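Q: here's my sequence, what's the structure:
(chains A, B and C)
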Amino acid sequence: MSATQERPAGPTPVEEKAPSRLVPVGRFVLTLLRMPSGLFGVVVMLGFVVMALTAPLYIHPDDLSVTQATGPLLAPPQHGYPLGTDPAGRSVLLLVIWGSRTSLAIGVMATLLTMVLGATIGLVAGHYQGRTGRLLMHVTDWFIALPGLPLAIALAAVLGQGAASITIAIAVTSWTGTARLVRAQTLAVGARPFIERARALGATDTQLITRQVLPNVMPLILVSSTLTVASAILAEATLTFLGLGDPTSVSWGSLLNNAFMQGAVTAGAWWYLIPPGIAILIIVLGFTLVGRAVEHALNARVQSR
Amino acid sequence: MVVMQVRAHHEVDLVGPCARGGKPLGTGNPILKDSRVRQAIALGINRPELVQKVLGGNGIVGAGYLPPGYPQFFWKPSASEALNYDPTRAKQMLDQAGYKMGSNGVRVAPDGKPLEFRLGIHSDDATDAAIAPYLKEWMSAIGIKLDVNAMSFDQLNNNLAKGDWDILMDGWSTGPDPTYLLSIQTCGTLPEDNGSNGNTDAFFCDKKYDKLFAQQQTQFDAQQRAATIAKMQSILYAGNADLILFYKNGLDALRTDQVTDYLQGTKAANGFYPLQHGFTSWWKAAPVAGAATASEKASQQSSDAFKWIGLGVLVVLVVGGAVFLLRRRTAAERE
Amino acid sequence: MSLVVQPEVPTVSGPEEGPERSDFWVYLARKVGAAIVSFIMLLVVGFIIFSLMPSDPVSALTRGRPTSDAQMNHLRSELGLDKPLWERFLTFVGHTLSGNLGYSYEYHQPVSTLIADRLWPTLLLMGSSTLISIWLGMWLGIRAGWHPGSALDRSASAVSLALWSVPTFWLGLILLVVFGSGTVAGIPAIFPAGGMQTHGTAGGLALSHITDVAWHLVLPCLTLVAVIFAQYVTIMRSSIIDERGNPYLLTARAKGLRDEVVRRRHAVPNALLPSVTVIFLQIGGMIGGAITVEVVYSWPGLGYLTFTALRIPDLQLLEGTFIVFSAAVIVCNLIADLLYRALDPRVRRQ
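A: Now for the predicted structure:
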């Protein structure tokens, strides 16, 4: 994942005003959509979000109920059950659609947490370049050395099962990437003349960070966050598969966990195993492509200045 | 080759906990002290469906406290005593007892408290996790709300000992003599006032049960003893402190080319121990001649082999790396 | 790999004075010192995480047995649980450094014994997967990067992206159900459904044993390779693309060398430099993949041990495996740093 490179502003005939905080949205979105991968990514992303949000409209609680399920137990795809049934007789298709809600929710929450944590540390480390900055960078570098999954397992084991502990575990293992990116960007922005001018005018550090640096770092944070959602969804699936999630909620990871624990593999129930994974694959692809396309489009914007 | 055994029963523990001296313990919901509520819960559980869907048919529907693997002690309730799946009757019972249905689908006690109970399950037990949604849905169908809490084995036992629970999943297995299993339900297993030194699982305490327990320990005549134990199980069944969901079949697999004389039980055995499981199956077992030492040597050789292979790979890497680096130094001359 | 791991590409260090040999020792000392500091921080974090756990080892030990309060307090002081926190930490550090990683109450064995038993299978799995991934990733990455934009390049990128987006364990499950269960689309069960060896086969270096283990190794290795090699393709590809822009390659072509020779003898060795170090840095990410693959295939390694420890949870064992994994990553990062300096003359002479 490459950082967006900002070229230092060259001398301009007119007094350089602070960079506009409003990205020319129209042009940006058009650039994004002109790339086929970007278009595909946006369509997928929006498609899944819409599907997740509208699911309660067409999925009746009875479809998800184990006691009201009327389908054959663990049966292959057939009429009325396009993706077959699970061991309780529920339609796998409806379960996968319903599972997107939890998976997306945890993915987004974990990303938010990661972004807040990583961006804060990155901003502080990049802005205060003395001992504080160096110390924070050492801490970040050291954190990178910790292997992700064992740390997440340790945290989730201590915090107990459930969505909250998974979210925290993902955030704790993923913030370092964002922190480094934001720090690099903060350093680049900090070298620009308007920062010096603002400081001369008497702006405090907090004001500098929130009003001058942060808006310039925002686009980078956006890019980073779409890519982080992708890896957060993968991480949620893995941690839930290992049994760290809430056993009563339906998510893609829990579907795969149930399939594994209840012997779908030896029963050859491929219809129970394939769809959740395909769903994860498509949505992670979508978010990754969008992230890369946004990065491209931002680069195009920078170069066109 | 597979040996099928019946050995464990799954039960649901209920009731307000208290210490040996009668001091109430823990945070258990007092509504569960009402036996009508417990009876309604029992009526609201469809045990045959659990056996079919959760166990895949690999079990027997729960009835008495002791498993059917020991037919001389197995007890089934009579038709009038039985609490089979009947949600209509459960709802009637709760209505008559004064627990009116609230606006959000949860019944409310006369004092205003909702019928909301915590259900504790083992976080490392796939069967518990599979059963939980069924219980939750059946209970909400009769107006009771269950909050499922997954806990580690340690945590669950800690909470059990302190009485900090409403409904818990638990399971036991027993040998041919049921005394230990029956003792768990006596008053003597209640903890001391500070919650320690208890061995109970549902804080059940009934004087009549205790008297019968002492009696069965002294009876040598098999049929008399069985009759006493039957009465004890009838008391437990009516008490609804432990709801026996099912008896899960334990499955063992065995390689007959490696082991001989493994004892399997037979249902119609004339002897006292018709069911063999655990260490009793291995009582007379012996390895097939030559098999044991071979596999021991094999595993020792395996770990030795791995060490040699690992060492070899390391040597190759080091030598290869050294050769590679030396060649690089002279690469310019060879260009 | 599902959890985000940012490879830390070592930056080229500043000018160093003095003859090259003493430079090397200074560099080594600095890096080893940093590694030791990392290890100490690791112990601190490990201790903190696992002392947060609300469970009481004494009650776990005495479960189901009538124990008086006095006996429990005696056990507590025996296990050193009543000492102040800093003293417990020092004991913990001392034990860890001497190889005593605690005692597993579930398995009734010392943790270090359990870990030592499972170490070789994990090394076998990770080692073979790494070697194959490196070879495959480099082969594909070099060719894709040499002709950027070509059909090979685009399909390699697409496949890499797709494989990165797939959860490792899911790929393992699919391979297992298709090739190991014999119940899908009439495909027979070519590979075993899990484990590392068939019980009862001869042990040691017997050919039958080696082929048996290799047969069990195919699917887990394939799964890990599929997910990892994509990263090496990407790294190698971007390295080669960077190298292509260098003028010395023009010289090589002007000398009359064939395209293939230019690529193989001039571009690749230089492009290899960052790749080699990144390989070691990716070990941390690979550990996560190895854990999930071992779980899916019941491969009796450290990952499977972590998984079984997690379900109970057996905290001493979890702590032990956490420390072992993290220490391995620290060592690999150290090796990466040293290798980078050894291989790249530009870092040495500044």
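Q: hey, let's count contacts and neighbours off CA atoms from now on
A: Fine.
Q: I'd say B:G163 and B:P17 touch.
A: Yes - with contact defined as CA atoms under 8 Å, B:G163 counts as touching B:P17 (5.4 Å).
Q: who has more neighbours, those two?
A: For B:G163 and B:P17, the more surrounded residue by other CA atoms under 10 Å in any protein chain shown is B:P17, and the numbers stand at 31 against 25.
Q: got the phi/psi numbers for the residue lying closest to B:V106 once chain neighbours are set aside?
A: Counting by CA to CA, 6 or more residues apart in numbering or on different chains, B:V106 lies nearest to B:G143, which is 4.6 Å off, once chain neighbours are set aside. The phi/psi pair for B:G143 (degrees, to the nearest 10) reads phi 100, psi 20.
Q: how about B:I167?
A: Backbone geometry at B:I167, expressed as degrees, to the nearest 10, gives phi -130, psi 130.
Q: partner residues bridging it?
A: B:L119 (DSSP bridges).
Q: kindly report the same for the one 5 residues further on.
A: Assessed by DSSP bridges, B:W172 has beta-bridge partners B:H9.
Q: any idea how far B:T260 is from it?
A: B:W172 is 29 Å from B:T260, where distance means CA to CA, to the nearest Å.
Q: more neighbours: the two, which one.
A: B:T260 (16 against 13).
Q: contacts only, for that one.
A: B:285-288 (CA atoms under 8 Å, 6 or more residues apart in numbering or on different chains).
Q: reformat those as JSON lines; add pLDDT, secondary structure and distance to B:R118.
A: Formatted as JSON lines, the contacts of B:T260 follow (pLDDT from 0 to 100; DSSP: H, G, I helix; E, B strand; the rest coil; distance: CA to CA, whole Å):
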{"residue": "B:A285", "pLDDT": "85", "secondary structure": "coil", "distance to B:R118": "45"}
{"residue": "B:A286", "pLDDT": "88", "secondary structure": "strand", "distance to B:R118": "48"}
{"residue": "B:P287", "pLDDT": "85", "secondary structure": "strand", "distance to B:R118": "49"}
{"residue": "B:V288", "pLDDT": "84", "secondary structure": "coil", "distance to B:R118": "51"}
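Q: so which of the residues you listed wins on neighbours?
A: Neighbour-wise, those (other CA under 10 Å) top out at B:P287, 15 neighbours.
Q: excluding chain neighbours, what is closest to it?
A: B:V259 (4.6 Å).
Q: B:A289 is in contact with that neighbour, correct?
A: No - with contact defined as CA under 8 Å, B:V259 does not count as touching B:A289 (9.0 Å).
Q: and B:D242, bridged to which residues?
A: Going by DSSP bridges, B:D242 forms beta bridges with B:D13.
Q: pLDDT score assigned to it?
A: pLDDT, B:D242: 87.
Q: what about it, how many neighbours?
A: Around B:D242 there are 28 residues (other CA under 10 Å).
Q: helix or strand: which one has C:L161?
A: helix C:151-164 (DSSP states H and E).
Q: so B:D147 sits in a helix?
A: No - counting by DSSP: H, G, I helix; E, B strand; the rest coil, B:D147 is not part of a helix but strand.
Q: which residues touch it?
A: B:116-119, B:136.
Q: swap in A:A264?
A: A:270, A:272-273.
Q: what do you get for B:M101?
A: With CA under 8 Å, 6+ apart, B:M101 has these contacts: B:95, B:107-108, B:143.
Q: which ones among those map onto strands?
A: B:107-108 (DSSP state E).
Q: and for the nearest residue to A:R199 once chain neighbours are set aside, the neighbour number?
A: If the residues on either side of it in the chain are set aside, A:R199 comes closest to A:L208, at 7.5 Å by CA to CA, 6+ apart. Using other CA under 10 Å, A:L208 has 18 neighbouring residues.
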